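# structural data only, the sequence is not supplied:
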């Protein structure tokens, strides 16, 4: 993956709230990323499973999705199916942004809201780097 945020592949953005999705899309477009947005989490996951190589990353705004536990379980399962897709989760319940490796079973980066454009740009870069570590871990045989 490139080390900058410019990519020819779009980011898939999932947020049930149209206003939130549009605001996030504007932030992503401002850092030169193409965005495809949807409010349907299940359809997004189906699309990713079928066309994983056609996306730069998945960004999920967790707060406005109805069944949080199901969404988190689905994201964990998707990480096993598509380990090379960077995933960013955005949530108001986060006390701070997490750019480290502690959440790799779920995502590459966690962000809290309200978002800042520079945090989102840093998150895209860090998610690519963290995803490489996730791929390495996923390729290792489990004990």
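Ah, there it is. The structure displayed is predicted, hence computed values, not measured ones. Numbers count the residues shown, from 1 in each chain.

# I'd like to know how far residue 65 sits from residue 141.
Distance, residue 65 to residue 141, using C-beta to C-beta, to the nearest Å: 33 Å. The way it works is simple: take the backbone N, C-alpha and C, and place the C-beta from them, glycine included.

# ok, now residue 118?
With distances taken as C-beta to C-beta, residue 118 is found 39 Å from residue 141.

# which residue is the nearest non-sequential neighbour of residue 83?
Spatial nearest neighbour of residue 83, chain neighbours left out: residue 138 (4.0 Å); criterion: C-beta to C-beta, 6 or more residues apart in numbering.

# and residue 16, how many neighbours?
Residues near residue 16, counting by other C-beta atoms under 10 Å, number 16.

# please apply the same query to residue 111.
For residue 111, the neighbour count with other C-beta under 10 Å is 24.

# repeat that for residue 50.
Neighbourhood size, residue 50 [other C-beta under 10 Å]: 8.

# sorry, back to before: and residue 118 and residue 141? Which one has more around it.
More crowded of residue 118 and residue 141, by other C-beta under 10 Å: residue 118, with 10 against 4.

# gap between the helix or strand containing the more buried one and the chain center?
Using DSSP states H and E, residue 118 sits in helix 117-139. Relative to its parent chain, helix 117-139 has a centroid offset of 9 Å by C-alpha atoms, centre = their mean, to the nearest Å.

# and that helix, what does it pack against?
On a contact count with 3 or more C-beta pairs under 8 Å, 6 or more residues apart in numbering; DSSP states H and E, helix 117-139 meets helix 18-30, strand 57-61, helix 68-81, strand 87-91, strand 109-112.

# could you double-check that residue 10 sits in contact with residue 51?
No. With contacts counted by C-beta atoms under 8 Å, residue 10 stays clear of residue 51, the gap being 10.7 Å.
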